[in-house]
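Visitor: Just to be clear, the model below is a prediction. Sequence and coordinates:
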Amino acid sequence: MTKLVTLTRPQKAAAILVAMGKQSAGRLLKFFKQEELKALIEAARTLKTIPQSELEKIVSEFEAEFAEGAGLLDSGDAMSSILSESLSEDEINAIMQGRKTATENAEPPIWPQLERLAPDRLAALLSNEHPQIIAMILANLAPAASAGAVVHLSKALRGEVIKRMIAMGNVPEKARSIVENQLRSRLDAEANVKDISLGQARVANMLNELDKSELDEVMADIEAAGAPDLEALRARLFSFEDIVLLSQKSRVALFDSMATEDVTTALRGASPELTEAILSAIGARSRRMIEAELKDDAAAPSIDDINRARKAIATAAIRLAGEGLVELPAVQAEAA
């Protein structure tokens, strides 16, 4: 007969579960961790008949009153019966073999991860897919995420996608799972590619502090060193002299935000071509004021002041480009 003093804690827990009965014990088993269930199963297999008196001592030790009606039981068989009615055979086998169950093995849903993407990136991720696939994906996202992605799709694709979303019924779970896995694989692949955009931004911020002649010299050195993705770096650079390369629309947007005094200072000593490119983007009244100031040599600022004004204009152009209000020369050339 099993002595109380020889019982391990898992054996005592198994004995109490047996005493609780199948229905109550079955509900409780759902809250155990996998390693705890494994320990319970192994402990129950070593238990034999437990007298009522010994069971009461176990129950008292756990400060619970579950002894009523337990009687004399073959604990191993009773535990097997409880488990078989509470867990599937596959779950029991997985627990005993140390494997994860199907529920534990499942990948986390991909949808929250997609919703955290920037709208333009999400649209780029989906744009090469069939409209039906895009419709299914957007239908599974939060409305705000779907709306953000939709406005970044091409007009023709946008119409097709929304049309299919309207007509879409329930998507079979198998088809949904295939799409989820493909999206997950694509995001994982992107995450494994070294992202150099942060380094490019850091270098671009440094280079944008240089004068045009200094910038050209340093860029030549970078190219000779074989730096990767040089065009992407150039797309982040902009100097005051590059204003002549901007479209008229971009120049107007840029100088609409600049103070007249800064523009006047920046134009001191500028080439006729650059001066005309800037003045043509400014209102007639402001242009007359600036031209009058430029004729007054007595009011000429220092070289440092001129450089600071030019740097402020170049910095404003980069900021407005980030906001989509100005199109920098590298982007324009790429579009052409």
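Guide: Structure received. Numbers count the residues shown, from 1 in each chain.
Visitor: Would you map out the domains in the protein?
Guide: 4-105, 111-192, 238-335 (automatic domain parsing).
Visitor: average pLDDT for the longest one?
Guide: Domain 4-105 shows an average pLDDT of 61 in the prediction.
Visitor: sorry, back to before: identify whichever of the domains of the chain lies nearest to residue 210.
Guide: Comparison of these against residue 210 by Cβ to Cβ identifies domain 238-335 as nearest, at 8.1 Å. For glycine as for every other residue, the C-beta is placed from the backbone atoms N, C-alpha and C.
Visitor: so how far is the closest one off the chain centroid?
Guide: 38 Å (Cα atoms, centre = their mean, to the nearest Å).
Visitor: Buried residues, the helix or strand where residue 163 lies. List them.
Guide: Element membership for residue 163, per DSSP states H and E: helix 155-167. Neighbour-count burial for helix 155-167 flags 157, 158, 160, 161, 162, 164, 165 (criterion: 16 or more other Cβ atoms under 10 Å).
Visitor: pretty sure the first one contacts residue 133?
Guide: Read that as residue 157. No - proximity of residue 157 to residue 133 does not meet the contact threshold set by Cβ atoms under 8 Å, at 11.6 Å.
Visitor: So what's the residue count around the nearest residue to residue 136 once chain neighbours are set aside?
Guide: With Cβ to Cβ, 6 or more residues apart in numbering as the criterion, residue 136 has its nearest non-adjacent residue at 5.6 Å, and that residue is residue 171. Counted with other Cβ atoms under 10 Å, residues neighbouring residue 171 total 15.
Visitor: three-state assignment of residue 171?
Guide: Secondary structure for residue 171, judged by DSSP: H, G, I helix; E, B strand; the rest coil, is coil.
Visitor: Quick check, pLDDT for it.
Guide: Residue 171 carries a pLDDT value of 77.
Visitor: cool, residue 322 as well?
Guide: The model reports residue 322 with a pLDDT of 79.
Visitor: and if you look at residue 115?
Guide: 88.
Visitor: Residue 139 now?
Guide: Looking at residue 139, its pLDDT is 90.
Visitor: And for it, the neighbour number?
Guide: Other residues near residue 139 number 13, with proximity taken as other Cβ under 10 Å.
Visitor: Just to check, it is in contact with residue 165?
Guide: Yes - using Cβ under 8 Å, residue 139 is in contact with residue 165, at 5.6 Å.
Visitor: hey, what's in contact with both of these two?
Guide: Between them, residue 139 and residue 165 share no contacting residue under Cβ atoms under 8 Å, 6 or more residues apart in numbering.
Visitor: could you pull out the helices for the stretch 201-336 of the chain?
Guide: Using DSSP state H, counting those that start in this stretch, the helices of the stretch 201-336 of the chain run over 212-224, 230-234, 248-255, 260-266, 272-279, 284-295, 303-322, 329-335.
Visitor: That's all I had, so thanks and see you.
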